[in-house]
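> below are the sequence and a predicted model; questions follow.
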Amino acid sequence: MNQLVNLNNFRVRASGRLFSLLLVLVTILLSFLTTACDPSEAITAEQRTFLNLSLDFLGEYQLPKQKFKDTPVGGLSALTYDRQRDRFYALSDDRSQFAPARFYTLKLTLDPLLTEKMSLEKVEVEDVTFLTDKNGEPFAKGSLDPEGIALSPKGTVFISSEGSPNQGIAPFIEEFDLKTGQQKQSLRIPERYLPNDPTKEDQPPRGIRENLGFESLTLELGSLAAAGGDPYRLFTATESALFQDNLPPTSIEQTRIRLMHYLIGGFAPPTLVTEHVYLLDPLPDGATGNGLTDLATVDTGGHFLSLERSYGLLSGAGAKIFQLAVSAATDTSGIPTLKGDLSRINIVQKKLLLDLSKLGIYLDNLEGMALGPRLPDGTQSLVLVSDDNFNDIQITQFLLFRLNRVR
């Protein structure tokens, strides 16, 4: 009996020593992990949210005033790049006033003598495509305000129009044939973006505001590989807040914009999947207005570039490029107004990449932005274009950048 008791005591003491040894080992391991790591190597929340991107300015080209096939080349408000043809399509925001609504095919040539710092040598207009409705008829004068363009994997382009609420003209996002310019299909725009029915009385203002509608348009990067019919994603946003989201002039809070995400293709009609809140940067000193003028997808993980343009008689034109992260943003499609408290809403996260006023060059009315071809050194190009408003004292300005990404 005493032997059995002694044996049990031995086992208890051995178990206790083993537990103590394991506890010491765990403590040493934790101490090593917390002291061996360099704090500078710790991953911050910003690093988890954003890609490691930067921009290098490479050069500028000013397109001479010209006519092409009896159309004034101007009002270029949007760009999209055709990688297969190595050409850009630039949308004119002419409301069929100076010539029928249209987009141009452009060839951009790099300076072959500048190997270390590439630059734009020339921009050439090669063709013009006129937009027509489903019946092949040109759009009537003043019936549209084309502002955004994006190339699809099906050999078509999507084009957005701001419309004109003052004239009862609704905005649209429509698909057009790339070669003929004929309309193919329309995306359904939610009623919250549309002007109220003028025949109904006592309705509060609703929808886009004049000249502040769908300015930006982009497709998910890699969508051009989906030519076999797989669904792809389209993104757009209003230039500024809707009537029902617009804050009072005395408010010091940032303007609240809605960014939409469509799924297109497959067996179902184009569908609005989600909508997010994008906060416009505060109005720069001396500026009288600003807005979101374009978007460009960077990857398939919810990262974008955004272009915000500002203007003012004293400040002149300005522009900023931001990186966006939308993956954690709240779906606001069921929220009728964004005037309220946003503390429970995850907004689109933004990070400033470049304030173009720091470049030391004259900036015109920059509205269009698109990822372009790979540069000779293998890096990604980014191209911006300005809308000269068909004004003789303004210019059509192309800016070339290198988009760096450190993985």
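Received, thanks. Residues are numbered from 1 along each chain as shown.
> neighbours of the closest residue to L110 other than its chain neighbours, how many?
Spatial nearest neighbour of L110, chain neighbours left out: M118 (5.1 Å); criterion: C-beta to C-beta, 6 or more residues apart in numbering. Quick note: C-beta positions are derived from backbone N, CA and C, even for glycine. When neighbours are counted by other C-beta atoms under 10 Å, M118 registers 20.
> and the strands in the stretch 301-407 of the chain?
Secondary structure of the stretch 301-407 of the chain (DSSP state E, counting those that start in this stretch): strands at 303-311, 318-325, 349-355, 366-374, 380-386, 396-405.
> quick one: average pLDDT of the fifth one?
Think strand 380-386. Across strand 380-386, the average pLDDT comes to 97.
> just checking: what are the partner strands of that strand?
Paired neighbours of strand 380-386 in the sheet (DSSP bridges): strand 366-374 (antiparallel), strand 396-405 (antiparallel).
> which element follows the helix or strand hosting G148 toward the C-terminus?
Of the helices and strands defined by DSSP states H and E, G148 is found in strand 146-151. Using DSSP H and E, the helix or strand that follows strand 146-151 in sequence is strand 156-161.
> direction included, what does that following strand pair up with?
Strand 156-161 is paired, per DSSP bridges, with strand 146-151 (antiparallel), strand 172-177 (antiparallel).
> deepest-packed of these, please.
When those are scored by mean count of other C-beta atoms under 10 Å, the highest mean neighbour count falls to strand 146-151 (a mean of 28).
> what pLDDT, on average, does the strand holding G148 get?
On average, strand 146-151 scores 98.
> in three-state terms, label the spatially most central residue of the chain for me.
With distances taken as C-alpha atoms, centre = their mean, L295 lies nearest the centre of the chain, 1.7 Å away. Recorded secondary structure, L295: strand (DSSP: H, G, I helix; E, B strand; the rest coil).
> same deal with L51?
Per three-state DSSP, L51 ends up coil.
> for it, give me its contacts.
V298, D299, H303, Q323, R405 (C-beta atoms under 8 Å, 6 or more residues apart in numbering).
> next: L234.
A150, F158, I173, L187, L217, T218, L219, E220, H261, Y262, I264, P270.
> who's it bridged to?
Beta-bridge partners of L234, as defined by DSSP bridges: L219, Y262.
> start the count at 32, not 1, going forward
Shifting the count to begin at 32 puts that one at L265.
> how much space between it and L182?
11 Å (C-beta to C-beta, to the nearest Å).
> quick check: bridge partners of T427?
Beta-bridge partners for T427, by DSSP bridges, are L94.
> was I right about it contacting V416?
Yes - assessed by C-beta atoms under 8 Å, T427 is found in contact with V416 at 7.0 Å.
> list residues touching both of the two?
L107.
> out of those two, which sits in the busier spot?
V416 (28 against 22).
> so how far is G212 from that one?
For V416, the distance to G212 - C-beta to C-beta - is 20 Å.
> can you give me the strands in the stretch 82-231 of the chain?
84-94, 98-99, 102-103, 107-113, 118-123, 133-141, 151-161, 177-182, 187-192, 203-208, 214-217.
> distance to V308 for those - can I get that in CSV?
What follows is those, written out as CSV (distance: least, C-beta to C-beta, whole Å):
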stretch, distance to V308
strand 84-94, 22
strand 98-99, 40
strand 102-103, 38
strand 107-113, 23
strand 118-123, 27
strand 133-141, 31
strand 151-161, 35
strand 177-182, 20
strand 187-192, 19
strand 203-208, 20
strand 214-217, 25
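> to N396, which of these lies closest?
strand 107-113 (8.8 Å; C-beta to C-beta).
> partners of that closest one, with directions?
strand 118-123 (antiparallel).
> low-confidence stretches in the stretch 182-331 of the chain?
229, 253-259 (pLDDT under 70).
> repeat that for 90
186, 199, 226-236, 251-262, 280, 296-300, 316 (pLDDT under 90).
> buried subset of the contacts of L82 as a ChimeraX selection?
With 16 or more other C-beta atoms under 10 Å as the criterion, this ChimeraX line picks the buried residues out of the contacts of L82:
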select :329,334,354
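> now do the same contact list for D142.
G90, M149, S150, L151, E152.
> can we see that at 10 Å?
Counting by C-beta atoms under 10 Å, 6 or more residues apart in numbering, D142 touches L89, G90, Y92, K148, M149, S150, L151, E152, K153, L431.
> again, but for V104
Counting by C-beta under 10 Å, 6+ apart, V104 touches 94-98, 121, 123, 130, 133, 135, 137, 156, 159, 419, 421, 427.
> quick check: closest non-adjacent residue to G244.
Using C-beta to C-beta, 6+ apart, the nearest residue to G244 is E193, at 3.2 Å.
> that neighbour and Y263, how far apart?
Taking C-beta to C-beta, one finds E193 at 24 Å from Y263.
> ok, the two, which is more surrounded?
Set side by side, E193 and Y263 show more neighbours around E193, with 27 against 21, by other C-beta under 10 Å.
> give me the phi and psi for that one.
Torsion angles at E193 (phi, psi; degrees, to the nearest 10) stand at phi -70, psi -20.
> surely it meets L243?
Yes - using C-beta atoms under 10 Å, E193 is in contact with L243, at 7.2 Å.
> what do the two both touch?
If you check E193 and L243 against C-beta under 10 Å, 6+ apart, the residues they both contact are T269, E270.
> just to revisit the earlier point, bridge partners for the residue nearest to the centre of the chain, pull those for me.
Applying DSSP bridges, one finds that L326 bridges with S337.
> give me the distance between it and E241.
21 Å.
> and what of G297?
G297 is 36 Å from E241, by C-beta to C-beta.
> wait, what's in contact with P300?
Q216, S217, L218, R219, L294.
> for those, which one is nearest A401?
Distances from A401 to the contacts of P300, taken by C-beta to C-beta, are shortest for L218, at 20.1 Å.
> what is the burial count for the closest one?
19.
> so what's it up against?
Contacts of L218 by C-beta under 10 Å, 6+ apart are 189, 191, 203-206, 265, 267, 291, 293, 295, 300-303.
> related to what we said a few turns ago, who wins for proximity to D228 among the strands of the stretch 82-231 of the chain?
Comparing the strands of the stretch 82-231 of the chain by C-beta to C-beta, strand 203-208 comes nearest, at 17.2 Å.
> what angle do that closest one and strand 133-141 make?
In terms of direction (axes from the mean of the first three to the mean of the last three C-alpha atoms, to 10 degrees), strand 203-208 departs from strand 133-141 by 70 degrees.
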